[in-house]
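Colleague: Provided below for reference: sequence and predicted model.
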Amino acid sequence: MAKTKDVRITISLECTSCSQDNEKNHPGVFRYTTQKNRRNTPTRIELKKFCPYCYRRTICREIKK
């Protein structure tokens, strides 16, 4: 029997530098999907990930679904 509230949830990480740019020539916002343990990390997480639009490693923050 599965519990109704799962411990591991799927989250989306969004590039912070892409979301702040509002230029017309910018192709878009890049997002990663990953999982986190709700009990170990109840707060929103920030990870450094590679963004193909920025061509560098940037801070990606968890966004609200």
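Modeller: Perfect, I can see it now. Numbers count the residues shown, from 1 in each chain.
Colleague: residues in contact with the one residue sitting closest to the centre of the chain?
Modeller: In the chain, the centroid-proximal residue (C-alpha atoms, centre = their mean) is residue 13; its distance is 0.4 Å. Residues in contact with residue 13 (C-beta atoms under 8 Å, 6 or more residues apart in numbering) are 31, 32, 33, 34, 45, 47, 49, 60, 61, 62, 63. Backbone N, C-alpha and C define where each C-beta goes, glycine included.
Colleague: how close does the fifth one get to residue 35?
Modeller: The reference is to residue 45. From residue 45 over to residue 35 the distance is 11 Å, taken as C-beta to C-beta, to the nearest Å.
Colleague: Overlap of the contact sets of those two?
Modeller: Residues touching both residue 45 and residue 35 by C-beta under 8 Å, 6+ apart: residue 11.
Colleague: Quick one: the strands in the protein, in order.
Modeller: For the chain, the strands defined by DSSP state E cover 8-15, 31-37, 46-51, 56-63.
Colleague: could these go into JSON lines alongside mean pLDDT?
Modeller: Shown next, in JSON lines, are the strands of the chain (pLDDT from 0 to 100):
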{"stretch": "strand 8-15", "mean pLDDT": "92"}
{"stretch": "strand 31-37", "mean pLDDT": "92"}
{"stretch": "strand 46-51", "mean pLDDT": "93"}
{"stretch": "strand 56-63", "mean pLDDT": "92"}
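Colleague: List buried residues within the contacts of residue 13.
Modeller: Applying 16 or more other C-beta atoms under 10 Å to those, the neighbour count classes 60, 62 as buried.
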